[in-house]
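Student: Output the structure for:
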Amino acid sequence: MQTDFEREKHWWNAKAATEEQDRQDEAINRALRWREIERHLDGVETILTVGGGTGVFSIPLATRGYQVTHLDLAPAMIEIARTRAGGLETIQFIEGNATDLRFPDRAFDLVLNMDGAISFCGDGAERALKESCRVARHKLIVTVSNRAMMIAVWTSASLQTIGRLTPAIEAMLERGEWHQDMYPDNVELSKGCTQDYLGAIRAFLPEELAQIIEQAGLHILHCGGLGSLCSLCSSQAIQRTLGNADLLESFLDLCERFDRKILPNGPGTRQRAGLIAVAQRPSAQGAVRAIRYQGAIVRDHRILLIKHRHHGDGREYWIIPGGGREAGESESHCVQREMKEETHLDVCVERLLLDAPAVAGSMYPRRKTYLCTPTGGHAAPGYEPEPDAAQIYTISEVGWFDLRDERTWDPLVVRDQITYPQLQRIRAALGYGSHT
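Tutor: Below is the predicted model of the structure:
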């Protein structure tokens, strides 16, 4: 059934005043989305938030200096967000429809389209998703209604309200569709919602969402349920978690691990959109590289790391030198070239030490780490040959880190959630200690 966007606009206007009043696990969903956003801000200058609502994401990002375009269907949402922004110069507000974004192709470094701006387009949901893909220059983060959760929602509502299984369940199960006017029972099921109305919804399965995004020319970094552990915990447990900041952080860690390792295609949270996809556009040189080839250059029980410094915010971190293979290049030649470019050292590639998946959100889904011995040159900061990457960071420093005693390491390394675990695995592979 065709979505009536004027009716939807009035409905969203009516919801504006309570948009950020969290129910049940909404705050957990939002916190998990923030974590995902933070992983993908490197090199970002311009951001589009589609369905920006009252500014819960767009305003904090603009406050941090990103150039943000906040688009929403509902004028009441925009008015609240504009008032909250208080004249902030790094954000502009636009009333618009997610199915027809009036922007050029690849106009924004990062596109965020979360909560209802896709799924509540109903029969226009796929069109809205493709539009967000079209205007994303580098990265895209979307959340949509999860079909698994919506089946459970309509089953519960049907049994509690009407006392039987209704056709709405079948429509969601088979097609991921809901519309208030689709079946007579749906009017009764919508009672209690804002204005006793719940217009059009298109819910997705993870594979459906990923396929549409990939057909639009982007590469999926992650796609799956968001916060599924919440739907298996009691509401009392969730409320206790929200009342303790330290406990909340630990619970969010657990939710992310659960989503990745235990139930990657799970139903997500009960409230807000419980299916997330993160994607990036392949570089102009070709497809996104699948493997990062890196060198563990070891000399006298010490391993060489390089320090990246970002041009935008001055952020620094230590990493193992490495990068992607060029066409026709062997793995060992790739490692030798990368070590020369980034550390000015000639190396002998001894053997493969580690072959493991990268952390979620990384440019390279997999990492291969080779043991290397320096054979010539003097260790010094090299350069980043990829123009896109060079615009983001520079190699500012090199450093040798004693594999026998991590107490001597720079605290930046110890706190790093990517490099530190890799170093522990390298230590274990070389017999310096067990990784736990």
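Student: which residues in the stretch 301-436 of the chain form strands?
Tutor: Assignment of strands within the stretch 301-436 of the chain using DSSP state E, counting those that start in this stretch yields the ranges 302-310, 316-319, 322-323, 346-357, 366-376, 393-402.
Student: so which of those comes closest to L165?
Tutor: strand 346-357 (40.9 Å; Cβ to Cβ). C-betas here are computed from N, CA, C, even on glycine.
Student: which helix of this structure spans the most residues?
Tutor: Across the chain, the helix with the greatest residue count (assigned by DSSP state H) is helix 147-161.
Student: What is it packed up against?
Tutor: Applying 3 or more Cβ pairs under 8 Å, 6 or more residues apart in numbering; DSSP states H and E, we find helix 147-161 packed against helix 167-175, helix 184-189.
Student: strands paired with the next helix or strand after the longest one, and their directions?
Tutor: Translated: helix 167-175. As assigned by DSSP states H and E, the chain's next helix or strand after helix 167-175 is strand 177-179. Counting by DSSP bridges, the strands paired with strand 177-179 are strand 200-202 (antiparallel).
Student: next one: the partner strand to chain centre, how far?
Tutor: Distance of strand 200-202 from the chain centroid (Cα atoms, centre = their mean, to the nearest Å) equals 23 Å.
Student: which parts of that strand are buried?
Tutor: Neighbour-count burial for strand 200-202 flags A200, I201, R202 (criterion: 16 or more other Cβ atoms under 10 Å).
Student: Using TSV, lay out the residues you listed together with distance to I141 and pLDDT.
Tutor: As requested, the buried residues of strand 200-202 are exported to TSV (distance: Cβ to Cβ, whole Å; pLDDT from 0 to 100):
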residue	distance to I141	pLDDT
A200	23	92
I201	20	95
R202	18	96
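Student: Return the member of these nearest to I78.
Tutor: Minimum distance to I78 across the buried residues of strand 200-202 is 21.3 Å, recorded for A200 (Cβ to Cβ).
Student: what sits against the closest one?
Tutor: M1, T3, D4, E8, F120, C121, G122, D123, W178, H179, Q180 (Cβ atoms under 8 Å, 6 or more residues apart in numbering).
Student: show me what contacts A107?
Tutor: Counting by Cβ under 8 Å, 6+ apart, A107 has contacts T46, L48, V135, R137.
Student: Pull out the buried members of those residues.
Tutor: L48, V135, R137.
Student: From L275, how far out is the second one?
Tutor: What it means is V135. 21 Å (Cβ to Cβ, to the nearest Å).
Student: which intervals of the protein have sub-threshold pLDDT?
Tutor: Within the chain, the segments meeting pLDDT under 70 span 283-289, 359-363, 386-388, 434-436.
Student: can I see the domain layout of it?
Tutor: Domains of the chain are assigned by automatic domain parsing as 5-146+204-280, 291-429.
Student: Out of these, flag the one nearest L173.
Tutor: Of all the domains of the chain, domain 5-146+204-280 comes closest under Cβ to Cβ, at 10.8 Å.
Student: before we move on, back to that, what comes into contact with the longest helix of the chain?
Tutor: 164-166, 168-169, 172-173, 176, 178, 185, 188-189, 191, 201, 203-205, 225, 231, 265-270, 274-275.
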